[in-house]
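Asker: Structure for the following, please:
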Amino acid sequence: MNAPDFREIARHLTDRQLALALQNNGWQKYGGQGNLYSRWRPISEGGERVRGVLLPQDAETEDYFELLSQAVAQAWKMGDGDIRSLLERAATLHSLGDEVKFHKETRSQRGTIPWTAGEDLHAGAQKSMVVGAKTRKSKAAYFGNANYFLAKSFLDSVLMGQTEVGSYVITAYVPPEEVYTERKINPGETMPLLGRHTGRDITLGMVDALSAARESVDHFKASGSTHGFVENVRRGFCYELTQAVRALIRDSDGAEIEVELNSAEDLLRGEPAQRHRLEFSPSDYSALETAGNIFAATAAAEYVTVLGAVTQLERPKPGEPGVVRLDVFSGSRAKKMRVRLKVEDYDLAVDAHRNNLALRIRGRQEVEGRYFWLYDPEILELVQIRPESSGETIEPGEQEGLF
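Answerer: Numbering: from 1, shown residues only. Next up, the predicted model:
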């Protein structure tokens, strides 16, 4: 067996993880200096002492990585096949993180998928992961743009792997130990104790939400009762997940989601990888549609007073009503909002856009598909958008493009 790149292995391990691997494979700790280094050696068959491995413990020292690389090399040379297998796997598959596969079975040439079915597969996979992130912050029957920052920062760190021949598979790799916050952390600000979620937390949240969807659909098909839909909102079942799973099974012979939890910590502890597998079929479609309609009805209209900047304007003809888009600063969970304005109010919005002014506007907020609308609008005032140096700052948050 050819020796691997020991420095590459060391990049994906900590000294604590390597110590765990050695301990679980029968090595003994025999000295060292607290928080600086420890020494480890395997137990020889004859009972005689053998040369050991020096394992650094202070990651802040300049030679930490060099010493850790040397420790990996020595463990490889002195260890048995089990140690070598663990170290090799730690630097390959498990360096990518938790593995999530979205599999869609279609009747097409091996290794291919109809274009629109492939688009649905990608959309269903993305929406499933977004739900997994959003449900970590709160549970809701209908999210809309709520909890968007957490979901976006999570998706930005997920890797997409290659597909597989024989059926069409999208593979996602989630960093299990990376931490995501529910809001943006400004420079110099400490990370909050609450509102923090790891990639592993989010992946397991997605698994639980999909399991809740599976159980709810089975209950509805067996009893005709919609009680399970509402009851399982507390586990993450929601409108967005009905859309995700419907996209996965649309134009298919079935779909499945497989999750394998992989991290160096799991691997080096010597435990088998935790796996989850969920299946959905085209016969589930109508039940998911029913659940989606129930959840969508919960997105009731509400009256709000919002402050926002006019970023787009559209009027078919001069002198006719028009539609504007607001980037919302405050007053609504929406980040972007469409407003249909009568002639005089539209002209006022044009002036606000030209002069870098914000609108304070009141109306009835409703959600239609992916878009927030403000109906029966009444413009209350124009507000100066102050430069950052003048005191109070009006600043749009992280948001999803809705136009």
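
Asker: Mind jotting down where the helices sit in the stretch 151-300 of the chain?
Answerer: Assigned by DSSP state H, counting those that start in this stretch, the stretch 151-300 of the chain shows helices spanning 199-223, 227-231, 239-249, 264-268, 285-296.

Asker: Packed most tightly, which of these would that be?
Answerer: Mean neighbour counts were taken over the helices of the stretch 151-300 of the chain using mean count of other Cβ atoms under 10 Å, and the top value, a mean of 25, falls to helix 239-249. Where you see a C-beta, it was placed from the backbone N, CA and C, and this is true even at glycine.

Asker: Now the phi/psi pair for residue 32, please.
Answerer: Per-residue torsions, residue 32: phi 140, psi -170 (degrees, to the nearest 10).

Asker: okay, it: pLDDT?
Answerer: For residue 32, the pLDDT comes out at 85.

Asker: Once you drop chain neighbours, what's closest to it?
Answerer: residue 38 (3.6 Å; Cβ to Cβ, 6 or more residues apart in numbering).

Asker: Please apply the same query to residue 378.
Answerer: Nearest non-adjacent residue to residue 378 (Cβ to Cβ, 6+ apart): residue 362, at 4.9 Å.

Asker: Convert the strand or helix carrying that neighbour to PDB, retaining C-alpha atoms only.
Answerer: According to DSSP states H and E, residue 362 maps onto strand 357-368. The C-alpha coordinates for strand 357-368 follow below in PDB (Å, rounded to 0.1, in the frame of the first residue of the first chain):
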ATOM      1  CA  LEU A 357     -35.400  59.100  -0.100                       C
ATOM      2  CA  ALA A 358     -37.200  56.200   1.600                       C
ATOM      3  CA  LEU A 359     -41.000  55.800   1.800                       C
ATOM      4  CA  ARG A 360     -42.900  55.200   5.000                       C
ATOM      5  CA  ILE A 361     -46.000  53.400   3.700                       C
ATOM      6  CA  ARG A 362     -48.900  51.600   5.300                       C
ATOM      7  CA  GLY A 363     -51.100  48.800   3.900                       C
ATOM      8  CA  ARG A 364     -52.300  45.200   3.900                       C
ATOM      9  CA  GLN A 365     -49.400  42.800   3.500                       C
ATOM     10  CA  GLU A 366     -50.000  39.500   1.700                       C
ATOM     11  CA  VAL A 367     -47.800  36.700   0.300                       C
ATOM     12  CA  GLU A 368     -48.500  35.500  -3.200                       C
END
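
Asker: next SSE after it?
Answerer: Next along from strand 357-368, by DSSP H and E: strand 371-384.
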